[in-house]
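> got a sequence here, can you build the structure:
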Amino acid sequence: MGAYSLAVQTGYPMNPFTFGNPIKDPTHFYGREAEIRQITNRLLSSAHESTSIIGERRIGKTSLLYHLSHPEVSARLGLTPDKFCLVYADFQGLTDITPTRFWQRILKKMSRSVCDESLKPAIETLSGQESFDLFDLEDLFEMTQKKGLTVVLMMDEFEYVTQNPNFKGDFFGGLRALAIHHGVALLPATRRELVDLCHSDEIKGSPFFNIFANVVLRPFPLTEAIALVDGYETSLDETFSAEERAFILRLGGGQPFFLQIAGHYLVEAKSQGLRARPLFERVIADFDQQADPHYTYLWSHCTESEKITLLGILALNREKAKKSASHAERLQKMNPRAQLDVVPLGKRGLVVETDGKYALFSPSLERWVLREIMTAPGEEESPASVDEWLHKGGRDKVAPVKGNLPKFKKKYWPIVSNILTEVSFEVIGATVFDLLLKTVV
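Residues are numbered from 1 along each chain as shown. Presented below is the predicted three-dimensional model:
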């Protein structure tokens, strides 16, 4: 009996592709080999160095921390429990946490993680105190250091600490002292670089942020994306066709979260007997519904300049008549800040670069952007409204393309006009869904 039919008859969750929760089972974790190697090498160095893990939400930061802290994985990496005490703590949503509560939370988890039973009484005694200072913490970590232990604090969503005004400079100074002198290594995970997530200039200038090497989680390279899809596929009796596998990889765009969504809905649609175009249509519709709020979040956290650059990249890749000038040169004409924008956009995983050409990470995101900026039929602004907008803003250079502006929402005219003067937006007039289906399949 095949996996699809078994799932239907028994009601058991046979779909191997899952999304929404972090990966906890190391057999289901794929990729991040280079990042794991860098983090591990720094921990195993003589100085037991700290590393800051940076990545957009849903890129896999929590899954990576879970993976590193799993006993079998950590032992295989050389982080054995007799030498390393790995302490995972999640600070998401803790907007009112204080330094005392921070350390109480850390110490309680440390008590459960430490392998040396002789250390537990001291840890539990300190965690039960209503207040303590840096000297108390130094005394405790000197004890662990004398036992040959390096305590690794794996602090997920650490921006809830750095952006919290309850945490002053002395807290970060103390944490830095523990990391440098008392056998503590830090692995904070945040959406942006730590120095950009501070609640004040005083904290931003703290030497605390100088002890980290940054590891940025980007979309998977193709080899790791294929490994993820092939790995999950092994539990299915009916394997994917080459076209179906390429479909998942294109739709997911190297982002593990979106690859899981694409694989999940492909398996679900096949279990309902769909094949060929109806199969892909169903997957795209389900994928889009699930991905839309995430795209909204990503777009809302882009600057106006970054939005211009994203639209410019989209337009260049949809242009029928390709020009000899490089993407970098043409983007620069649309937006003088384009070359600065592609760096953070690449770090966040929204943009990928191949042989000097930029692209949005998924055609699904392209579709979302088009739907976001374009007006619905019957809701276009009038030519008189366009003329008024041009006249008030002194935008004479945009006049040659003013006939295209009503196709876009008025709030995006300042952004779109920069692009229309440089490139013909060939997607105009095509239905968004057909464009996406043609691109993916």
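
> part of a strand, is Pro188?
Yes - under DSSP: H, G, I helix; E, B strand; the rest coil, Pro188 sits within a strand.

> beta partners for it?
Met155 (DSSP bridges).

> from Ile203, how far out is it?
Distance check for Pro188 against Ile203: by C-beta to C-beta, to the nearest Å, it reads 14 Å. (C-beta placed from N, C-alpha, C; glycine too.)

> next: Met154.
Counting by C-beta to C-beta, the gap from Met154 to Ile203 is 21 Å.

> Pro414 too?
Where Ile203 is concerned, Pro414 sits at a distance of 35 Å (C-beta to C-beta).

> neighbour count: those two, which is higher?
Neighbour tally, Pro414 and Ile203, criterion other C-beta atoms under 10 Å: the higher count belongs to Ile203, 22 against 14.

> need the pLDDT of that one.
Ile203 is assigned 95 on the pLDDT scale.

> can you pull the poorly scored residue ranges out of the stretch 201-350 of the chain?
321-322 (pLDDT under 70).

> could you pull out the strands for it?
Assignment of strands within the stretch 201-350 of the chain using DSSP state E, counting those that start in this stretch yields the ranges 212-216.

> show me the contacts for Phe209.
Counting by C-beta atoms under 8 Å, 6 or more residues apart in numbering, Phe209 touches Leu194, Val195.

> numbering from 61 from now on, please.
Understood, numbering begins at 61; the last thing we discussed is Phe269.

> can you tell me how far it is from Leu103?
19 Å.

> same question, Asp193
In terms of C-beta to C-beta, Asp193 sits 27 Å off from Leu103.

> now do the contacts for Pro225.
His259, Ser260.

> just the element for it, please.
Per DSSP states H and E: Pro225 is located in neither a helix nor a strand.

> quick check: pLDDT value at it.
97.

> farthest from the middle of this protein: give me that residue.
Ala444 (42.8 Å; C-alpha atoms, centre = their mean).

> which one of Asp193 and Leu103 has more residues nearby?
Leu103 (24 against 11).

> now that one. Nearest residue, chain neighbours left out?
Ala245 (5.7 Å; C-beta to C-beta, 6 or more residues apart in numbering).

> part of a helix, is that neighbour?
No - counting by three-state DSSP, Ala245 is located in no helix; its state is strand.

> for Gly208, give me phi and psi.
In terms of degrees, to the nearest 10, the main-chain angles of Gly208 are phi 80, psi 20.

> next one: phi and psi at the nearest residue to it once chain neighbours are set aside?
In space, and not counting its chain neighbours, Gly208 is closest to Lys143: 6.2 Å by C-beta to C-beta, 6+ apart. For Lys143, the backbone dihedrals (degrees, to the nearest 10) come out as phi -120, psi -20.

> tell me where the stretch 61-210 of the chain has strands.
Going by DSSP E, counting those that start in this stretch, the stretch 61-210 of the chain shows strands at 110-114, 144-150, 210-216.

> end-to-end on stretch 135-149?
20 Å (C-alpha to C-alpha, to the nearest Å).

> so how far is it off the chain centroid?
How far stretch 135-149 lies from its chain's middle: 25 Å, per C-alpha atoms, centre = their mean, to the nearest Å.

> buried sites along it?
Residues of stretch 135-149 classed as buried by neighbour count (16 or more other C-beta atoms under 10 Å): Leu137, Leu139, Phe144, Cys145, Leu146, Val147, Tyr148, Ala149.

> could I get the residues you listed as CSV with pLDDT and distance to Gln349?
Compiled in CSV, these are given as follows (pLDDT from 0 to 100; distance: C-beta to C-beta, whole Å):
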residue, pLDDT, distance to Gln349
Leu137, 98, 39
Leu139, 98, 41
Phe144, 98, 43
Cys145, 98, 43
Leu146, 98, 38
Val147, 98, 38
Tyr148, 98, 32
Ala149, 98, 34
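
> closest to Asp456 among those?
Set against Asp456, the nearest of the buried residues of stretch 135-149 by C-beta to C-beta is Ala149 (57.6 Å).

> identify the bridge partners of that closest one.
Met215.

> surely it touches Glu217?
No - at 9.4 Å, Ala149 does not count as touching Glu217 under the criterion of C-beta atoms under 8 Å.

> nearest residue to Val429 in space, please, no chain neighbours.
Leu374 (6.1 Å).

> hmm, Trp428 and the one you found touching each other?
No - at 10.6 Å, Leu374 does not count as touching Trp428 under the criterion of C-beta under 8 Å.

> the closest residue to Asp290 other than its chain neighbours: what's it in contact with?
Leaving aside its sequence neighbours, Asp290 sits nearest to Arg305 (C-beta to C-beta, 6+ apart; 8.0 Å). Residues in contact with Arg305 (C-beta under 8 Å, 6+ apart) are Ile286, Val289, Asp290, Glu293.

> can you check the pLDDT for Ala67?
On the pLDDT scale, Ala67 is placed at 49.

> what does the one 5 residues further on give?
Model confidence at Tyr72, expressed as pLDDT, equals 53.

> try Thr499
Reported pLDDT for Thr499: 55.

> one more: Thr111?
Reported pLDDT at Thr111 in the predicted model: 98.

> that one against Val276, yeah?
No - taking contacts as C-beta under 8 Å, Thr111 lies outside contact range of Val276: 11.0 Å.

> the two - which one has more neighbours?
Thr111 (23 against 16).

> now the more buried one, which residues is it bridged with?
Residues in beta-bridge contact with Thr111 (DSSP bridges): Ala273.

> so who does Thr111 touch?
By C-beta under 8 Å, 6+ apart, Thr111 lies in contact with Gln98, Ile99, Arg102, Leu103, Leu246, Leu247, Phe272, Ala273, Asn274, Val275.

> give me the number of residues near the fifth one?
When counting by other C-beta under 10 Å, one arrives at 22 neighbours for Leu246.

> next one: the residue nearest to it when sequence neighbours are not counted relative to Phe192, how far apart?
Closest residue in space to Leu246, ignoring its immediate chain neighbours: Ser110 at 4.0 Å, by C-beta to C-beta, 6+ apart. Counting by C-beta to C-beta, the gap from Ser110 to Phe192 is 22 Å.

> and for the closest residue to Leu326 other than its chain neighbours, the neighbour number?
Distances taken as C-beta to C-beta, 6+ apart place Val343 nearest to Leu326, at 5.1 Å, with adjacent residues excluded. By other C-beta under 10 Å, 26 other residues sit near Val343.

> quick one: contacts of the top helix by length along the chain?
Using DSSP state H, we find that the single longest helix of the chain is helix 336-360. Contact partners of helix 336-360, identified using C-beta under 8 Å, 6+ apart, comprise 79, 116-118, 304, 307, 311, 317-318, 321-322, 325-326, 328-330, 332, 334, 367, 408, 410, 424-425, 427-429, 432, 493, 496-497, 500-501.
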